[in-house]
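Student: Here is a sequence with its predicted model. Questions after.
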Amino acid sequence: MEWITVLNYPVYLAIFICIYGCLAIGLNIQWGYAGLFNAGVAGFFAIGAYTSAILTSPWAEGRLGGFDLPFPVGLVGAMLLAGLLAWPIGKICLRFRSDYLAIVTIGVAEGIRLVARSEEWLTNSARGISAIPRPFGDLPYAKAQLVYLGITALILLVAYVLVQRQAVSPWGRMMRAIRDNESAAQAMGKDVPYRRLEAFILGSALMGLAGALYVHLARTITPDAIDPMLITFLVWIMVILGGSGNNRGVLLGAIIVWVIWSTSEIVTDQLPSEYALKAKYGRMFLIGLLLQLVLRFRPEGILPEKLRKEPREERRVGEQDSVTQATGNIIN
Amino acid sequence: MKAKHLGLASLLLGASALATPALADVNIGLLNGITGGAAAMAPEITKSLQFAVDQINEQGGVLQGEKLVGIMADDGCSPQVAADAATKLVNVSQVIGVVGPLCSGALMAAANSATIPAGVILISQSATSPEITTLKDNDLVFRTIPSDEYQGQALARTLLDRGTKKVAVSFINNDYGKGIAEAFKKEYEAKGGEISGYEAHEENKSSYRADLAGLAQGGADTLVLLDYGDTSGLTVLREAIENGFFEKFVGAEGMKTSAPIKAIGADNLTTFMASAPVSTKSEALDIFNKAFAEAGGDINASYVGPSYDAVFLLALAIEKAGGDKSKLSESLRAVSNGEGEPILPGEWKKAKELIAGGKAIDYKGASGELNFDANGDVPGSYALFKVAGDDWEVETEMK
């Protein structure tokens, strides 16, 4: 067997990590920087996936499509539409705080899923869209995968660098200030609703991008792919476990969670068959347990958020409440 | 990042080295819906798959007496989980062929991202979506279950033959329900039937009274219910009977489970019928049923016959191709094309000897003749079942 075929599975794993990395960075902008509890990640993922699928797939009877546009157009379209749809959703939903926002975003994601399931003219409903092209997908298996890994890794790298630069800029400090103490930020003259909307749209566009990357990998999309457990829930665990507010942390979270999720089956398959079958249910448990342990012993995540040191005179006072911290952020 | 990936890759290589069993085995992948939407059907399907593998090994194994090893993986009835599992089967376990997955969406993702590019043959026992027929599969995707297209058409013709000219249709809003409902509608209307109501319903709702009331307004006394009898189909059926929305009920194979009989009672189901694929040559089915029941399986469970046949056919193809992966599709067609010495379920030893002697064989499966067409599909033969006592009984053959 050629060495290149041995790499197939790790490469596939890495492609998925890159896709989840995009989702995790998107959620990190929303939760890690702006403190928005978005429980509807799957919805924006779906918008991106379907948009790119419709834009790039060949014509098929009974549904919108036949544009046959190139892959990059699909990606850009996915980001734009996910961002555009996030605008009215955010405009309405971001008035809610924390847990209320979570409930509303779950509802929105379910709504998007039902639209994908039911609107035949748009998404071909339950049968889904197939024959979606993959760039260089006609190459032999291993090479096609390697090329696609290159593309996703490059996109993730660009997204990471851009978001990271944004996060250490005054914009990032302002976002953290809004997250930590909204009233204080408002008193400093920041337009809080506008900034929150900005973070929501930016994060959602990245989630849409991840959806598009997934759809060109699988070359087919059906509504069952919009599974809140596999998309929303796993991404949240990646962000919390890796360390929300730290882009490197959430990428590490994506690697850890997806590797455990995917490779645990190989390990449990070594068990006698009756236990191996039961162990398939144990994967979710394993991830949940890991989350519990992290929350118990390291609530800030494996790689916690790095905040800039407090100014000297404030540290001498000793006590630091969130107001001084937030103002500190703004002044810095 | 890069260094991490490399570290990871080497770690996985270690894992894959561990996972690859001794060289004397022939590995096949069994993608089974152990978790997820099809989990209720998985235990009996698992038994059937394992039964086929055991039977083959007891009768001499494959090729030069090598052991056939079925590596069970979870498709989760979900595209992502199935594609991930298929990638592992193809690359880590190095399987020569795959049986499964159970769900159509899962099959398309798994086939597109792993088995087709890797040139691995895939035979599904229960993915019935018509979309799979048109998949660009390099002749690598097969099914031992007919596409919903056929069953919907057969159901429409049978109802019209029996004098039912007006029906309402309620179907579960997924690839299965929709595929079969569309085929039914097309054929029924083309042959002169009238459809007074045609609605999809979502799965796992607590009540369907509003949906049913809307459908009943069309004035039909027969409801065609295309759903799963273990989940929402049961709720729809119960509510329709309780509230007297319809008098007669007709389901497809998803409804032909034991759950409605247990939950609603045979006395209340005298006007309920369900179609399901059956074998035309009942000899093969009888042999399978007897052997499977002795092995502790439930012969009335869904998809046990097609599951057994999928494994048996894959093994026959491996034997015929002499273990050459690239010849499997060709060999699969050769061992079941209607020509040659008939092979019935369980006759592995006989088949092996005939193949070794260079004679043509024709497998006649528990679920039918299984002669694949150009798309890797099989034409279906169906019967309409009614409830009798605590079980299902054939009412009439369907054409």
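Tutor: Sure, I can see it. In this text, all values refer to a predicted model and were calculated from it rather than measured experimentally.

Student: Next secondary structure after whatever helix or strand residue A:201 lives in?
Tutor: Assigned by DSSP states H and E, residue A:201 falls within helix A:192-218. The C-terminal neighbour of helix A:192-218 among helices and strands, as given by DSSP H and E, is helix A:234-242.

Student: Mind giving me the packing neighbours of that following helix?
Tutor: helix A:8-27, helix A:247-268, helix A:282-297 (3 or more CB pairs under 8 Å, 6 or more residues apart in numbering or on different chains; DSSP states H and E). C-betas here are computed from N, CA, C, even on glycine.

Student: Chain B: which of those is closest?
Tutor: With distances scored as CB to the nearest CB, the stretch of these nearest to chain B is helix A:8-27 (3.9 Å).

Student: for the closest one, packing partners?
Tutor: Judged by 3+ CB pairs under 8 Å, 6+ apart, helix A:8-27 is in contact with helix A:41-56, helix A:141-168, helix A:192-218, helix A:234-242, helix A:247-268, helix B:2-19, helix B:79-91.

Student: In JSON lines, list those along with mean pLDDT.
Tutor: Below are the helices and strands packed on helix A:8-27 laid out as JSON lines (pLDDT from 0 to 100):
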{"stretch": "helix A:41-56", "mean pLDDT": "96"}
{"stretch": "helix A:141-168", "mean pLDDT": "95"}
{"stretch": "helix A:192-218", "mean pLDDT": "95"}
{"stretch": "helix A:234-242", "mean pLDDT": "93"}
{"stretch": "helix A:247-268", "mean pLDDT": "91"}
{"stretch": "helix B:2-19", "mean pLDDT": "49"}
{"stretch": "helix B:79-91", "mean pLDDT": "93"}
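
Student: What is the three-state secondary structure of residue B:275?
Tutor: strand (DSSP: H, G, I helix; E, B strand; the rest coil).

Student: What is the burial count for it?
Tutor: Residue B:275 has 27 neighbours, counted by other CB atoms under 10 Å in any protein chain shown.

Student: Residue B:249 is in contact with that one, correct?
Tutor: No - contact criterion CB atoms under 8 Å: residue B:275 and residue B:249 do not qualify, at 11.9 Å.

Student: distance of the closest residue to chain B within the stretch 201-332 of chain A from residue A:216?
Tutor: Chain B sits closest to residue A:222 of the stretch 201-332 of chain A, with a gap of 3.6 Å, by CB to the nearest CB. Counting by CB to CB, to the nearest Å, the separation of residue A:222 from residue A:216 is 15 Å.

Student: Of these two, which one has the most company?
Tutor: residue A:222 (29 against 24).

Student: mind listing what the residue nearest to the spatial centre of chain B touches?
Tutor: The centroid of chain B falls nearest to residue B:126 when counting by CA atoms, centre = their mean (1.7 Å). Contacts for residue B:126 (CB atoms under 8 Å, 6 or more residues apart in numbering or on different chains) come out as B:38, B:41, B:45, B:102-103, B:145, B:302-303, B:306-307.

Student: List just the nearest of the residues you listed to residue B:291.
Tutor: Set against residue B:291, the nearest of those by CB to CB is residue B:307 (13.8 Å).

Student: Using PDB, list the CA coordinates for the helix or strand harbouring the closest one.
Tutor: According to DSSP H and E, residue B:307 maps onto helix B:304-321. Once non-C-alpha atoms are left out, helix B:304-321 reads as follows in PDB (Å, rounded to 0.1, in the frame of the first residue of the first chain):
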ATOM      1  CA  VAL B 304     -33.200  -8.300   8.200                       C
ATOM      2  CA  GLY B 305     -33.500 -10.100   4.900                       C
ATOM      3  CA  PRO B 306     -31.900  -7.400   2.800                       C
ATOM      4  CA  SER B 307     -29.100  -7.100   5.400                       C
ATOM      5  CA  TYR B 308     -28.300 -10.800   5.300                       C
ATOM      6  CA  ASP B 309     -28.400 -10.700   1.500                       C
ATOM      7  CA  ALA B 310     -26.100  -7.700   1.300                       C
ATOM      8  CA  VAL B 311     -23.400  -9.500   3.300                       C
ATOM      9  CA  PHE B 312     -23.900 -12.800   1.500                       C
ATOM     10  CA  LEU B 313     -23.700 -11.100  -1.900                       C
ATOM     11  CA  LEU B 314     -20.600  -9.100  -0.900                       C
ATOM     12  CA  ALA B 315     -18.900 -12.300   0.200                       C
ATOM     13  CA  LEU B 316     -19.900 -14.000  -3.000                       C
ATOM     14  CA  ALA B 317     -18.500 -11.200  -5.000                       C
ATOM     15  CA  ILE B 318     -15.200 -11.300  -3.000                       C
ATOM     16  CA  GLU B 319     -15.000 -15.000  -3.700                       C
ATOM     17  CA  LYS B 320     -15.700 -14.600  -7.400                       C
ATOM     18  CA  ALA B 321     -13.200 -11.800  -7.800                       C
END
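
Student: Pick the most buried one from the helices and strands packed on helix A:234-242.
Tutor: Of the helices and strands packed on helix A:234-242, the one with the most neighbours on average (mean count of other CB atoms under 10 Å in any protein chain shown) is helix A:8-27, at a mean of 27.

Student: same question for it, mean pLDDT?
Tutor: Summarised as a single mean, pLDDT over helix A:8-27 is 96.

Student: now the angle from it to helix A:141-168?
Tutor: 20 degrees (axes from the mean of the first three to the mean of the last three CA atoms, to 10 degrees).

Student: how far does helix A:8-27 sit from the chain's center?
Tutor: 10 Å (CA atoms, centre = their mean, to the nearest Å).
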